[in-house]
Each structure stands twice: as structure tokens, then as C-alpha cells.
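Asks: Just a sequence and a predicted model for now, questions to come.
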Amino acid sequence: MKLTTRGHYSVKALLDLTLQPRSQPTSVKAIAKRQDIPAPYLEKLLIELRRAGLVESVRGAQGGYKLARSPADISLGQILESVGETVEPLPRHIPEAEQAGDWVTLTLWRQLHQKLKDVLYSITLEDLYFDARSWQATQGDSTSFVV
């Protein structure tokens, strides 16, 4: 599994929203500026995250986006899945029965794949937030989140 720009930007945007009070929305422009993400691209990602129920949009002059749930209730796996990232490391195929070596390899990869999925769905946005804040504290106050 490789974290693409879509996944990277989505996690950064949600980490940015984690910094904001839950009742106050943040504009796309403000998030884009802080996280160095092109605003039109970020808007598309936030729409996908809204459809997945991870963020809420608020209309109006003071509108923007805010987290729909607590950071402890949003997993890395959910974030990646919501923007079309795949956690499938292998093409789905079944080797022929005569190829016993392939069965062993396939079984091994299936187990590794399941472990990877378990980890992605066990790491929460809250976990990432505290890890990023710890790293940020060692770098100085003005550093933005880097995932």
C-alpha cells in the first residue's frame, strides 16, 4: 500500500480540523493555506470526506468544514477509504491448485494484508494528532503537520 497525494492531503486536512473547536467550522481557504494544499483540490477531498460522514459542511459567511465525529472515532483506514485509497496490496486472484508454492505465498500475503488493515483501522485521527503535536513540539511552534 502506498499513501498517495489524495490520502496524504486528506489526513493533513483532518489533522488541521482536529486543532479547531468542534463547534467552529474552518474555511477551505484557511486549511489550504496552513497545510499548503491547493484549495480546489482540497474542496474535492472534503466533499468526499463529507459523503463518508467524517466531516460536516456549514454554509454561510462563517461557514466551512468541521469534524463530524470525535478524532478518537475516525480511523486512518476510514480516511483513506473515503477518498478512494486502496488498502489492497495484492491483486485478487487464486493460483492454480498445482502451484503449491503460490498457495503458501498467497496465504502469507493474505495474513499480512489482514494485519495491515487491522492496523490502519486501529490508528485514529486522535493518535495521529498526538503524534504530530509531539513531533511539532520538538520542531517549534510554527511547524505545520506533516504526514
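Replies: Perfect, thanks for sending it.
Asks: just how off-centre is stretch 113-123 within its chain?
Replies: 13 Å (Cα atoms, centre = their mean, to the nearest Å).
Asks: Residue 82: how many residues sit nearby?
Replies: Per other Cβ atoms under 10 Å, the neighbour tally for residue 82 reads 22. For the C-beta atoms, the positions are set from N, CA and C on the backbone; glycine is no exception.
Asks: so it makes contact with residue 47?
Replies: No - with contact defined as Cβ atoms under 8 Å, residue 82 does not count as touching residue 47 (10.4 Å).
Asks: Select the longest helix from this structure.
Replies: Ranked by residue count and defined by DSSP state H, the top helix of the chain is helix 100-122.
Asks: How are the strands of the chain distributed by residue range?
Replies: Along the chain, counting by DSSP state E, strands occupy 55-58, 64-67.
Asks: Adding mean pLDDT and mean neighbour count, write those out as CSV.
Replies: Shown next, in CSV, are the strands of the chain (pLDDT from 0 to 100; neighbours: other Cβ atoms under 10 Å):
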stretch, mean pLDDT, mean neighbour count
strand 55-58, 94, 18
strand 64-67, 95, 21
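Asks: The ones you listed into a markdown table, with extra columns for distance to residue 35?
Replies: Formatted as a markdown table, these follow (distance: least, Cβ to Cβ, whole Å):
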| stretch | distance to residue 35 |
| --- | --- |
| strand 55-58 | 14 |
| strand 64-67 | 13 |
